[in-house]
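Q: sequence unknown, structure follows:
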(Lines give C-alpha, C1' and ligand atoms only; values in the text may rest on other atoms or scores of the structure.)
Protein backbone atom coordinates (compact mmCIF):
# COMPACT_ATOMS: atom_id res chain seq x y z
CA UNK A 1 0.00 0.00 0.00
CA UNK A 2 1.35 3.43 -0.96
CA UNK A 3 2.41 5.82 1.77
CA UNK A 4 -0.19 8.60 2.01
CA UNK A 5 0.95 12.24 2.21
CA UNK A 6 -1.41 15.13 3.02
CA UNK A 7 -0.18 18.37 1.41
CA UNK A 8 -1.61 21.58 2.92
CA UNK A 9 -0.82 24.87 1.18
CA UNK A 10 -2.94 27.70 -0.23
CA UNK A 11 -0.58 28.07 -3.20
CA UNK A 12 -1.97 25.72 -5.86
CA UNK A 13 1.28 25.83 -7.87
CA UNK A 14 3.31 24.58 -4.89
CA UNK A 15 0.72 21.86 -4.23
CA UNK A 16 0.84 20.60 -7.80
CA UNK A 17 4.64 20.66 -7.87
CA UNK A 18 4.84 18.63 -4.66
CA UNK A 19 2.14 16.25 -5.89
CA UNK A 20 4.11 15.65 -9.09
CA UNK A 21 7.36 14.85 -7.28
CA UNK A 22 5.75 12.81 -4.50
CA UNK A 23 3.68 10.68 -6.87
CA UNK A 24 6.74 10.17 -9.07
CA UNK A 25 8.36 8.56 -6.00
CA UNK A 26 5.34 6.34 -5.38
CA UNK A 27 3.57 8.32 -2.66
CA UNK A 28 -0.20 8.83 -2.67
CA UNK A 29 -1.04 12.51 -2.20
CA UNK A 30 -4.08 14.39 -0.92
CA UNK A 31 -4.09 18.16 -1.41
CA UNK A 32 -6.07 20.79 0.53
CA UNK A 33 -5.74 24.57 0.67
CA UNK A 34 -6.88 25.74 4.13
CA UNK A 35 -6.52 24.82 7.78
CA UNK A 36 -10.06 23.58 8.37
CA UNK A 37 -9.86 21.24 5.37
CA UNK A 38 -6.49 20.02 6.66
CA UNK A 39 -7.99 18.91 9.98
CA UNK A 40 -10.97 17.32 8.23
CA UNK A 41 -8.79 15.33 5.81
CA UNK A 42 -6.29 14.38 8.52
CA UNK A 43 -9.13 12.82 10.52
CA UNK A 44 -10.76 11.19 7.50
CA UNK A 45 -7.73 9.99 5.53
CA UNK A 46 -5.34 9.09 8.39
CA UNK A 47 -2.24 10.09 6.35
CA UNK A 48 1.26 8.74 7.01
CA UNK A 49 2.70 12.28 6.87
CA UNK A 50 1.54 15.89 6.59
CA UNK A 51 3.34 18.67 4.70
CA UNK A 52 1.89 21.76 6.36
CA UNK A 53 2.18 25.41 5.34
CA UNK A 54 1.98 27.99 8.15
CA UNK A 55 0.21 30.93 6.45
CA UNK A 56 -3.18 29.34 5.69
CA UNK A 57 -6.77 30.61 5.42
CA UNK A 58 -9.29 29.83 8.20
CA UNK A 59 -6.76 28.16 10.56
CA UNK A 60 -3.03 28.75 10.36
CA UNK A 61 -0.45 25.98 10.38
CA UNK A 62 0.38 26.50 14.07
CA UNK A 63 -3.28 25.88 15.02
CA UNK A 64 -3.54 22.87 12.71
CA UNK A 65 -0.36 21.34 14.12
CA UNK A 66 -1.54 21.95 17.69
CA UNK A 67 -4.93 20.30 17.04
CA UNK A 68 -3.45 17.29 15.25
CA UNK A 69 -0.97 16.72 18.08
CA UNK A 70 -3.84 16.37 20.57
CA UNK A 71 -4.79 13.04 19.02
CA UNK A 72 -2.06 11.94 16.59
CA UNK A 73 1.71 11.49 16.32
CA UNK A 74 1.66 11.54 12.49
CA UNK A 75 4.94 13.06 11.19
CA UNK A 76 4.57 16.74 10.22
CA UNK A 77 6.95 18.80 8.08
CA UNK A 78 6.26 22.54 8.17
CA UNK A 79 6.47 24.46 4.87
CA UNK A 80 6.76 28.21 5.17
CA UNK A 81 8.31 31.37 3.82
CA UNK A 82 9.21 32.33 7.37
CA UNK A 83 12.81 31.40 8.13
CA UNK A 84 13.41 33.09 11.46
CA UNK A 85 14.71 30.96 14.32
CA UNK A 86 11.64 31.81 16.43
CA UNK A 87 9.29 30.30 13.83
CA UNK A 88 11.39 27.15 13.55
CA UNK A 89 11.55 26.68 17.31
CA UNK A 90 7.80 27.29 17.70
CA UNK A 91 7.00 24.72 15.01
CA UNK A 92 9.24 22.11 16.62
CA UNK A 93 7.84 22.85 20.09
CA UNK A 94 4.31 22.34 18.77
CA UNK A 95 5.35 18.89 17.58
CA UNK A 96 6.57 19.32 14.00
CA UNK A 97 9.24 16.83 12.93
CA UNK A 98 11.06 19.02 10.42
CA UNK A 99 10.94 22.46 8.84
CA UNK A 100 11.51 23.54 5.21
CA UNK A 101 11.75 27.20 4.24
CA UNK A 102 10.37 28.50 0.94
CA UNK A 103 11.51 28.76 -1.76
CA UNK A 104 12.57 25.12 -1.69
CA UNK A 105 13.61 22.46 -4.15
CA UNK A 106 10.83 19.85 -4.44
CA UNK A 107 13.48 17.11 -4.60
CA UNK A 108 14.77 18.23 -1.21
CA UNK A 109 11.26 18.06 0.26
CA UNK A 110 10.86 14.49 -1.02
CA UNK A 111 14.24 13.58 0.49
CA UNK A 112 13.16 15.11 3.81
CA UNK A 113 9.88 13.16 3.65
CA UNK A 114 11.79 9.89 3.22
CA UNK A 115 14.20 10.74 6.04
CA UNK A 116 11.44 11.62 8.50
CA UNK A 117 9.49 8.48 7.59
CA UNK A 118 12.60 6.36 8.20
CA UNK A 119 13.14 7.94 11.61
CA UNK A 120 9.49 7.71 12.63
CA UNK A 121 9.01 4.10 11.48
CA UNK A 122 12.05 2.12 12.68
CA UNK A 123 9.84 -0.95 13.12
CA UNK A 124 9.55 -1.12 9.33
CA UNK A 125 13.14 -2.34 9.35
CA UNK A 126 12.62 -4.61 12.33
CA UNK A 127 14.20 -1.95 14.54
CA UNK A 128 17.32 -1.74 12.36
CA UNK A 129 18.82 1.75 12.17
CA UNK A 130 19.83 1.92 8.54
CA UNK A 131 19.79 4.39 5.64
CA UNK A 132 20.27 3.45 1.98
CA UNK A 133 21.22 5.41 -1.09
CA UNK A 134 22.64 4.49 -4.48
CA UNK A 135 25.68 2.25 -3.81
CA UNK A 136 25.62 3.16 -0.11
CA UNK A 137 24.27 1.41 2.99
CA UNK A 138 24.90 2.85 6.45
CA UNK A 139 23.82 0.44 9.20
CA UNK A 140 24.11 1.85 12.71
CA UNK A 141 22.72 -1.29 14.34
CA UNK A 142 25.65 -3.42 13.17
CA UNK A 143 28.04 -0.49 12.64
CA UNK A 144 28.56 -1.39 9.00
CA UNK A 145 29.36 0.90 6.08
CA UNK A 146 28.81 -0.77 2.70
CA UNK A 147 30.06 1.19 -0.30
CA UNK A 148 29.41 -0.14 -3.82
CA UNK A 149 28.72 -3.61 -2.39
CA UNK A 150 31.86 -3.76 -0.24
CA UNK A 151 32.02 -3.43 3.53
CA UNK A 152 34.43 -0.66 4.53
CA UNK A 153 36.16 -0.64 7.90
CA UNK A 154 34.97 2.54 9.59
CA UNK A 155 35.58 3.81 13.14
CA UNK A 156 32.35 4.15 15.19
CA UNK A 157 32.35 7.97 15.32
CA UNK A 158 32.84 8.28 11.56
CA UNK A 159 29.94 5.92 11.00
CA UNK A 160 27.73 7.78 13.49
CA UNK A 161 28.58 11.06 11.76
CA UNK A 162 27.71 9.89 8.22
CA UNK A 163 24.56 8.16 9.52
CA UNK A 164 23.42 11.39 11.18
CA UNK A 165 24.04 13.46 8.04
CA UNK A 166 22.51 10.91 5.66
CA UNK A 167 19.43 10.54 7.86
CA UNK A 168 18.77 14.24 7.31
CA UNK A 169 19.56 14.77 3.61
CA UNK A 170 20.29 18.29 2.34
CA UNK A 171 20.15 19.71 5.85
CA UNK A 172 23.16 21.88 6.69
CA UNK A 173 24.83 21.34 10.09
CA UNK A 174 27.38 23.59 11.72
CA UNK A 175 30.42 21.96 13.31
CA UNK A 176 29.09 22.80 16.77
CA UNK A 177 25.74 21.18 16.00
CA UNK A 178 27.49 18.01 14.89
CA UNK A 179 29.66 17.98 18.00
CA UNK A 180 26.51 18.30 20.13
CA UNK A 181 24.40 15.76 18.25
CA UNK A 182 27.01 13.14 17.33
CA UNK A 183 29.72 13.49 19.96
CA UNK A 184 27.38 14.61 22.74
CA UNK A 185 26.91 17.72 24.85
CA UNK A 186 29.73 16.65 27.17
CA UNK A 187 32.31 16.93 24.39
CA UNK A 188 34.65 19.87 24.87
CA UNK A 189 37.10 19.23 22.07
CA UNK A 190 38.10 21.30 19.08
CA UNK A 191 35.50 21.69 16.30
CA UNK A 192 38.25 20.71 13.85
CA UNK A 193 37.57 17.16 15.03
CA UNK A 194 34.54 17.25 12.72
CA UNK A 195 36.72 18.35 9.78
CA UNK A 196 39.09 15.42 10.34
CA UNK A 197 36.24 12.89 10.40
CA UNK A 198 34.64 14.39 7.29
CA UNK A 199 38.00 14.24 5.48
CA UNK A 200 38.33 10.54 6.30
CA UNK A 201 34.76 9.84 5.21
CA UNK A 202 35.35 11.63 1.91
CA UNK A 203 38.28 9.33 1.22
CA UNK A 204 35.85 6.41 1.51
CA UNK A 205 32.90 7.96 -0.33
CA UNK A 206 34.24 10.38 -2.94
CA UNK A 207 32.98 9.67 -6.46
CA UNK A 208 30.98 6.57 -5.55
CA UNK A 209 27.67 7.91 -6.92
CA UNK A 210 26.49 11.00 -8.82
CA UNK A 211 23.23 10.94 -6.84
CA UNK A 212 24.64 12.02 -3.46
CA UNK A 213 27.75 13.55 -1.92
CA UNK A 214 29.20 14.79 1.35
CA UNK A 215 29.33 18.54 0.84
CA UNK A 216 31.06 21.44 2.56
CA UNK A 217 28.90 24.54 2.93
CA UNK A 218 31.57 27.21 3.15
CA UNK A 219 31.40 29.34 6.26
CA UNK A 220 28.70 27.12 7.79
CA UNK A 221 29.42 23.40 7.97
CA UNK A 222 28.43 20.20 6.18
CA UNK A 223 25.51 18.40 4.59
CA UNK A 224 24.73 15.10 2.90
CA UNK A 225 23.49 16.35 -0.46
CA UNK A 226 20.97 14.27 -2.41
CA UNK A 227 20.53 15.34 -6.03
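A: Perfect, thanks for sending it. Since this is a predicted model, take the numbers as computed values, not measurements.

Q: contacts, neighbours, all on C-alpha from now
A: Will do.

Q: average model confidence for the helix or strand where residue 99 lies?
A: For residue 99, the host element (DSSP states H and E) is strand 98-101. For strand 98-101, mean pLDDT is 82.

Q: elements contacting it?
A: In terms of contacts (3 or more C-alpha pairs under 8 Å, 6 or more residues apart in numbering; DSSP states H and E), strand 98-101 is packed against strand 76-80, helix 85-93, helix 106-120.

Q: give me whichever of those is most buried.
A: Mean neighbours per residue, mean count of other C-alpha atoms under 10 Å, is largest over these for strand 76-80, with a mean of 23.

Q: that one pairs with which strands?
A: As defined by DSSP bridges, the strand partners of strand 76-80 come to strand 49-53 (parallel), strand 98-101 (parallel).

Q: can you pull the contacts of the residue nearest the centre of the chain?
A: When C-alpha atoms, centre = their mean is applied to the chain, the residue found nearest the centroid is residue 112 (3.2 Å). If you count contacts by C-alpha atoms under 8 Å, 6 or more residues apart in numbering, residue 112 has them with 98, 168, 169, 170.

Q: hmm, 10 Å instead?
A: 77, 98, 99, 100, 106, 118, 167, 168, 169, 170, 171 (C-alpha atoms under 10 Å, 6 or more residues apart in numbering).

Q: now it: how far from residue 168?
A: Separation of residue 112 from residue 168 (C-alpha to C-alpha, to the nearest Å): 7 Å.

Q: pLDDT score assigned to residue 5?
A: Model confidence at residue 5, given as pLDDT, is 96.

Q: can you give me the helices in the chain?
A: Assigned by DSSP state H, the chain shows helices spanning 12-24, 35-45, 61-69, 85-93, 106-120, 156-166, 175-178, 192-205.

Q: one step back: which one of the helices and strands packed on strand 98-101 lies closest to residue 13?
A: Closest to residue 13 of the helices and strands packed on strand 98-101, according to C-alpha to C-alpha: helix 106-120, at 11.8 Å.

Q: least confident secondary structure element in the protein?
A: When the helices and strands of the chain are scored by mean pLDDT, DSSP states H and E, helix 85-93 comes last with a mean of 69.

Q: so where's this protein shaky on pLDDT?
A: In the predicted model, the chain carries pLDDT under 70 at residues 1, 82-88, 119-128, 184-190.

Q: thinking again about what came up before, redo the strands paired with strand 76-80 as TSV? Include mean neighbour count and distance to residue 183.
A: TSV is the format used below for the strands paired with strand 76-80 (neighbours: other C-alpha atoms under 10 Å; distance: least, C-alpha to C-alpha, whole Å):
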stretch	mean neighbour count	distance to residue 183
strand 49-53	25	30
strand 98-101	20	22
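
Q: residue 157 and residue 196 touch, don't they?
A: No: if you go by C-alpha atoms under 10 Å, residue 157 and residue 196 don't touch, sitting 11.2 Å apart.
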